[in-house]
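Asks: Quick check, what structure comes out for this input:
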Amino acid sequence: MPETRHRSLVAVISSLFHPISGTPHRRRRRAPGRPLIALAALTLLSAGLAAGCARSEPASQRATDDSGQITAAEATRLPVVCLLGGSAARESTVDDASWAAEIEGLSGRAVDAYNLGTRNQTFATDVGYVEVFPAEWDGAGIVFIGVSVGRFTGNRRPGTPADHVVDPSVIAHREAARFGDGDMLGREQRRQHVEGWLRDRYPSFGQHYDESLETLELLVETCLVRDLHPVLLELPRDQTAVGDLLDEPIARYQGDCRTLAAGFGIPYVDFLDEAGLVHEDFIDVNHLSSSGRGKWQHLLSEAAADLLEEYRL
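Replies: Below you'll find the model as predicted:
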């Protein structure tokens, strides 16, 4: 687990404004005493604050050319909100355009939104994505990192190239989800899928768990090095179908994600209970239907709007 000394100044300042980081985070509520606490802490950090203050300014106020003037490119740069994860992440929003529009409607800020989830995407692949993000995203991006039991199973295949090598051309907008509502599984089929996961994939979870957790830590660090704002995000799960069958692996990764988030001073967002998802909102155990995508995208947009305000992007 990361130590406090590993945090960047950005992560430290972020934690001051996010006192509930490291616990499942719902929509932010302002505490009356928070500005005074933050002011006192920032005063203590004044000796090393110059770079950090610049990063806390809105994107249109941060970057300057050699003469100290704001550059035209930076003045028009949009904040970026992106989502990393496997196919459950891919299927959790309607499309990038409507997601960006919903965030703007809630926050009053125009943004560029990217759902970059793909099938069997590992944390190592996520690191590769962050490494090839456009340079103009630095200091102006929120990166939702999806977590679930499946993301800790490794999914590496012998003889394939390293899965952290990513072609920059894949950083592009997606138009639509892959699954249609006609693919919806019944309740018994979903239960069988959960039982099948326990039989076939749970051993991989145990085998690859420590490596996956270490790679998740590296992913967060990679985001912070680029002055991005990483956010751990609990991905959709049909809790009725799952029942208590996955209690042990879920408790294991959620506990470690809380510890990791607290160590870096970043948010861990979990609005699964708040989403009110029902059977018809899922195609199967982890992939949302059209109705589920609408519900999930709205909550994800609310979280993004809160964070845009908090990080002054």
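
Asks: only C-alpha atoms for contact and neighbour calcs from this point on.
Replies: Noted.

Asks: Might you report the residue contacts of the residue lying closest to residue 167 once chain neighbours are set aside?
Replies: Sequence neighbours aside, residue 132 is the residue nearest to residue 167 in space, at 7.6 Å (criterion: CA to CA, 6 or more residues apart in numbering). Going by CA atoms under 8 Å, 6 or more residues apart in numbering, residue 132 touches 166-168.

Asks: give me the element the residue nearest the centre of the chain is part of.
Replies: Nearest to the geometric centre of the chain sits residue 144, at 1.4 Å (CA atoms, centre = their mean). Taking DSSP states H and E as the definition, residue 144 sits inside strand 141-147.

Asks: Would you tell me what helix or strand residue 219 is located in?
Replies: Here residue 219 sits within helix 202-225, counting by DSSP H and E.

Asks: could you dump that helix to PDB, C-alpha only?
Replies: Coordinates of each C-alpha in helix 202-225 appear next as PDB, following Å, rounded to 0.1, in the frame of the first residue of the first chain:
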ATOM      1  CA  TYR A 202     -12.200 -17.300  -8.700                       C
ATOM      2  CA  PRO A 203      -8.900 -19.300  -8.800                       C
ATOM      3  CA  SER A 204      -7.500 -16.600 -11.200                       C
ATOM      4  CA  PHE A 205      -8.700 -14.000  -8.800                       C
ATOM      5  CA  GLY A 206      -6.600 -15.500  -6.000                       C
ATOM      6  CA  GLN A 207      -3.600 -16.100  -8.300                       C
ATOM      7  CA  HIS A 208      -3.500 -12.600  -9.800                       C
ATOM      8  CA  TYR A 209      -4.900 -10.500  -7.000                       C
ATOM      9  CA  ASP A 210      -1.700  -9.100  -5.500                       C
ATOM     10  CA  GLU A 211      -0.300  -8.300  -8.900                       C
ATOM     11  CA  SER A 212      -3.500  -6.600 -10.000                       C
ATOM     12  CA  LEU A 213      -3.600  -4.500  -6.800                       C
ATOM     13  CA  GLU A 214       0.000  -3.400  -7.300                       C
ATOM     14  CA  THR A 215      -0.800  -2.500 -10.900                       C
ATOM     15  CA  LEU A 216      -3.800  -0.500  -9.700                       C
ATOM     16  CA  GLU A 217      -1.500   1.400  -7.400                       C
ATOM     17  CA  LEU A 218       0.900   2.000 -10.300                       C
ATOM     18  CA  LEU A 219      -2.100   3.300 -12.400                       C
ATOM     19  CA  VAL A 220      -3.000   5.800  -9.700                       C
ATOM     20  CA  GLU A 221       0.600   7.000  -9.500                       C
ATOM     21  CA  THR A 222       0.800   7.300 -13.300                       C
ATOM     22  CA  CYS A 223      -2.300   9.500 -13.300                       C
ATOM     23  CA  LEU A 224      -0.800  11.700 -10.500                       C
ATOM     24  CA  VAL A 225       2.500  12.100 -12.300                       C
END
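
Asks: got the residue ranges for the helices in this structure?
Replies: For the chain, applying DSSP state H gives helices covering 9-16, 34-44, 50-56, 59-62, 72-75, 87-90, 96-107, 123-131, 187-200, 202-225, 239-242, 247-264, 290-310.

Asks: ok, residue 172 to residue 206 distance?
Replies: According to CA to CA, to the nearest Å, residue 172 stands 33 Å off from residue 206.
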